[in-house]
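Student: Okay, predicted coordinates and the sequence, questions at the end:
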Amino acid sequence: MAFALQNSTIEEQRSVIRFLTATGEKPAAIHRRMVTVYGEKCVSDKSVRKWSARFRAGRESVGDDQRPGQANTVITSDLIDKVGDHSLKKQLKGKRFTSDDVLKDTVKDWVSPQPQEFWEQGILRLVYQWDRCAQAYGVYFE
């Protein structure tokens, strides 16, 4: 008897579509079978039809294609650590502020001198974390 898988990647589900398409199964039947296993985390019927057609047309990769304008970036732990070195949290740790204005001024004093590299790395880190979250279907992780 089937049980629902709580976590799966989009590539895993596409691999299932690829396999079942190769056996000659129709997209609607593939989707019905996948829903019994992946439950609400299952890709849509439309997505199954689209990927099944791609695999029948000869596609082998289950990964996403590069999109025009999509950044080719490599996120490393070194980059993430560099962003962490400039942490506002570290700057404010243990301090008490007598008013909101004093706090605002302290934050402005911290933000103003940050180099452009700091902001670029912050955006790259955001992209990396968003991608991890999307791959985990929004399941929380550290």
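Tutor: It's in. Worth saying up front: this structure is predicted, and the values here are computed from it rather than measured.
Student: Is the nearest residue to Glu11 once chain neighbours are set aside part of a helix or strand, or is it coil?
Tutor: Nearest residue to Glu11, sequence neighbours excluded (C-beta to C-beta, 6 or more residues apart in numbering): Val62, at 4.8 Å. From N, CA and C alone the C-beta is placed, and that goes for glycine too. Per DSSP: H, G, I helix; E, B strand; the rest coil, the secondary structure class of Val62 is coil.
Student: Then the one 4 residues further on?
Tutor: When classified by three-state DSSP, Gln66 comes out as coil.
Student: What is the burial count for it?
Tutor: 8 (other C-beta atoms under 10 Å).
Student: Can you get me a residue count around Glu25?
Tutor: Residues near Glu25, counting by other C-beta under 10 Å, number 15.
Student: so how far is Val48 from Val62?
Tutor: Computed with C-beta to C-beta, to the nearest Å, the distance linking Val62 and Val48 is 13 Å.
Student: Look up which helix or strand Phe118 falls in, please.
Tutor: Here Phe118 sits within helix 116-135, counting by DSSP states H and E.
Student: list the buried ones in that helix?
Tutor: Using 16 or more other C-beta atoms under 10 Å as the test for burial, helix 116-135 gives Gln121, Leu124, Arg125, Tyr128.
Student: How confident is the prediction for the first one, by pLDDT?
Tutor: I take that to be Gln121. On pLDDT, Gln121 comes in at 81.
Student: same check, this time on Thr23
Tutor: pLDDT, read off for Thr23, is 97.
Student: And it, its phi and psi?
Tutor: phi -80, psi 0 (degrees, to the nearest 10).
Student: Okay then, goodbye and thanks.
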